[in-house]
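In: Structure for this input, please:
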Amino acid sequence: MLGIFGKKSDHPLAEIKTAQQVLEEIPKNDALKAVQELTGWIESIIELADGFRLDHEFAVLRMLDEAAQPYVRKLLRDYFTVQALSKFQENRLWTTLTDFYTQSELAHHDVLMRLSNGARGASAIKMDMALLSSRGIAALGGRLKLAVARYSLVESDLWQHLSDFYAHAERHRYQHHAVPLYAGVPGNTSVTQEFATLLTWYGVSAGVLSPLQEHVTERLIAYAGEKLTVFDQYNANGLFVFDLSQPTPPMRLASDTTLHSSLRFFVATDALPKLNGVLKTLEKGIVPDDVNLVGTTYEAEMVRDILRRLIGSLTQPPPTRRNPRRKISVSLKVANGFYQMLEHADAGLNFFNPDSGETWEVEDISATGFRSVVPIARAEGVKVGSLIGSKPENIRHWGAGIVRRLSRDGDNNLHIGVEVLSPQIVGVALADRGDVVDEGGQLALYLSRPGDTSGEAWLLMKPDAFSLSRSLNMELSGKGYLLLPLSLVENGEDYDLARFRLMEQDVTAE
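Out: Numbering: from 1, shown residues only. Below you'll find the model as predicted:
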């Protein structure tokens, strides 16, 4: 192999034989180090590419990329776990996976660009164009997945690269060619399948799901990916639209969309029967073996709830705003999480500084929610699904809400959309039915909901505290109540949100 200056290169990747020796020296028993080392070698391919024939560059990239995949899957299992990771471990896994996907995607895109420009050795890899672009899109999907997990701003180059991969496939008419993505990944895929899976997943997940939920959603969409369809002309059943000429994140198809030839429309109609079949199995308490969740074991109930939401997102029009938003500038005291909120509720407890907490500025507000723009350093630990206590300035009581949307802008600020559950929370003590309620009982937060005549009580409780077979006693404003469990509305990392039938009792008689 001749180097850049016409002399035989002594770089280990310049010959297939020495490249294979590099693989033999990768630490086999340490997935993290293996991925880090392979990432470094893939990065060096890009740096040396101009000195390689294109067929040699792609051959070495294939070797390194394929060798990395089992270790990458191991790290994905470790990262997208039900158990909370330490900040150190989470950051280490995220950085290693992001670096790998970034270098892999850039290397595949480099091969694509050199192929388009007719570099030496281009003719030798024309039979592998479908594999090249499918893997390039898959790596790009990995980059996006890790960015979405941290609500990060997505670089515009990613959307341009995605357009490059798919447009090249369309131009050379290989977008539907079936190829095996990697050993260990069941079935075949295609450029169209990877393209549609990525954009459909991003459209329903970005900024509105927790990292674990977005991972499971991506796996479920990938399972039905072969049934997703892409149209180059307007389709009334389209959910999302992507512009190949001016690529930006996928947009919901709207009636006023300006049509032109570079738009691609994504339809999920044929995928719904397959997803509904999985749902029926999950409702029996079984996770189907053919749904590839990257080797991770998740409870059927959790996967079922995520799939129900996904099916709703693919079948229902996007929700319209029921209440108008008003631009306003208001300061809020904020408490992040159930246990911080308990400290601000009047539950007969004495705390040193009940008004302590972070301060957020509200940008706009409605009857059911608000939006704040907060520097990332002042929103530590805030995620989609996080419980948020809030107290406007000059108001005595605290309210409760749940983070529903998150995105990060170019100035490293988080845009936080919060759904308000209640404008006022009251700390209460609970006891099992028949027991006496006292201050030593289980603490919870009663949600005061003005105008509610349903006869129900909504409570925020510590995680895993709700049970359909457990009735509770509660005292509120000097009165005793029996709480009959109705349903678990939602559960987060540190709370249960539950509904109860509320029945007033005679405290004296008790």
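In: Just the mean pLDDT for stretch 468-475, thanks.
Out: Mean pLDDT, computed over stretch 468-475, is 92.
In: Excluding its own residues, what touches that stretch? List them.
Out: 428-437, 444, 446, 457, 480-485, 487-488, 500, 505, 507 (Cβ atoms under 8 Å, 6 or more residues apart in numbering). Any C-beta I mention is one placed from the backbone N, CA and C, and that applies to glycine too.
In: Run the chain-centre distance for that stretch.
Out: Chain-centre distance of stretch 468-475: 35 Å, with Cα atoms, centre = their mean, to the nearest Å.
In: First-to-last residue distance for it?
Out: Using Cα to Cα, to the nearest Å, the end-to-end distance of stretch 468-475 comes out at 20 Å.
In: got the buried residues for it?
Out: 471-475 (16 or more other Cβ atoms under 10 Å).
In: what's the answer for stretch 398-415, then?
Out: Buried, per 16+ other Cβ under 10 Å, within stretch 398-415: 398-408, 413-415.
In: Just the CA trace of stretch 235-243, in CSV.
Out: Extracted C-alpha coordinates of stretch 235-243, given in CSV (Å, rounded to 0.1, in the frame of the first residue of the first chain):
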residue,chain,number,x,y,z
ASN,A,235,-49.5,11.0,1.0
ALA,A,236,-52.4,11.9,3.1
ASN,A,237,-51.5,9.2,5.6
GLY,A,238,-48.1,10.7,6.2
LEU,A,239,-47.0,11.4,9.7
PHE,A,240,-43.7,13.2,9.2
VAL,A,241,-42.0,14.9,6.3
PHE,A,242,-38.2,15.4,5.6
ASP,A,243,-36.7,17.7,3.1
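In: Please work out which residues outside it touch it.
Out: 163, 199-200, 203, 231, 250-253, 257, 262-269, 314.
In: if we can go back for a sec, just to be sure, which of the buried residues of stretch 468-475 are found in strands?
Out: Per DSSP state E, strands hold the following members of those: 472-475.
In: Now, of the contacts of stretch 235-243, which are buried?
Out: Here, 16+ other Cβ under 10 Å leaves 163, 199-200, 203, 250, 253, 263-268, 314 buried among the contacts of stretch 235-243.
In: would a markdown table of those with distance to residue 66, secondary structure and pLDDT be doable?
Out: Below are those laid out as a markdown table (distance: Cβ to Cβ, whole Å; DSSP: H, G, I helix; E, B strand; the rest coil; pLDDT from 0 to 100):
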| residue | distance to residue 66 | secondary structure | pLDDT |
| --- | --- | --- | --- |
| 163 | 26 | helix | 98 |
| 199 | 25 | helix | 97 |
| 200 | 26 | helix | 97 |
| 203 | 30 | helix | 94 |
| 250 | 29 | coil | 95 |
| 253 | 37 | coil | 88 |
| 263 | 35 | strand | 96 |
| 264 | 29 | strand | 96 |
| 265 | 33 | strand | 96 |
| 266 | 29 | strand | 96 |
| 267 | 32 | strand | 96 |
| 268 | 31 | coil | 95 |
| 314 | 32 | helix | 93 |
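In: and of the residues you listed, the nearest to residue 296?
Out: residue 200 (21.4 Å; Cβ to Cβ).
In: you'd agree that closest one is up against residue 228?
Out: Yes. At 5.9 Å, residue 200 counts as touching residue 228 under the criterion of Cβ atoms under 8 Å.
In: Now do the strand or helix carrying residue 487 against strand 472-476, angle only.
Out: Using DSSP states H and E, residue 487 sits within strand 479-491. On the basis of axes from the mean of the first three to the mean of the last three Cα atoms, to 10 degrees, strand 479-491 is oriented at 110 degrees to strand 472-476.
In: Contact partners for the residue positioned nearest the centre of the chain?
Out: Nearest to the geometric centre of the chain sits residue 214, at 3.0 Å (Cα atoms, centre = their mean). Residue 214 makes contacts with 145, 148-149, 201, 205-206, as judged by Cβ under 8 Å, 6+ apart.
In: Show me the residues you listed that map onto helices.
Out: 145, 148-149, 201, 205 (DSSP state H).
In: Counting neighbours, which of those residues comes out on top?
Out: Ranked by the number of neighbours (other Cβ atoms under 10 Å), these place residue 201 first, at 27 neighbours.
In: I figured that residue was touching residue 221, is that so?
Out: Yes. Counting by Cβ under 8 Å, residue 201 touches residue 221, with 4.7 Å between them.
In: domain assignment for this structure?
Out: 1-207, 321-510 (automatic domain parsing).
In: sorry, back to before: wait, which of the buried ones among the contacts of stretch 235-243 is closest to residue 334?
Out: Among the buried ones among the contacts of stretch 235-243, and counting by Cβ to Cβ, the member closest to residue 334 is residue 203, at 29.7 Å.
In: All set, thanks.
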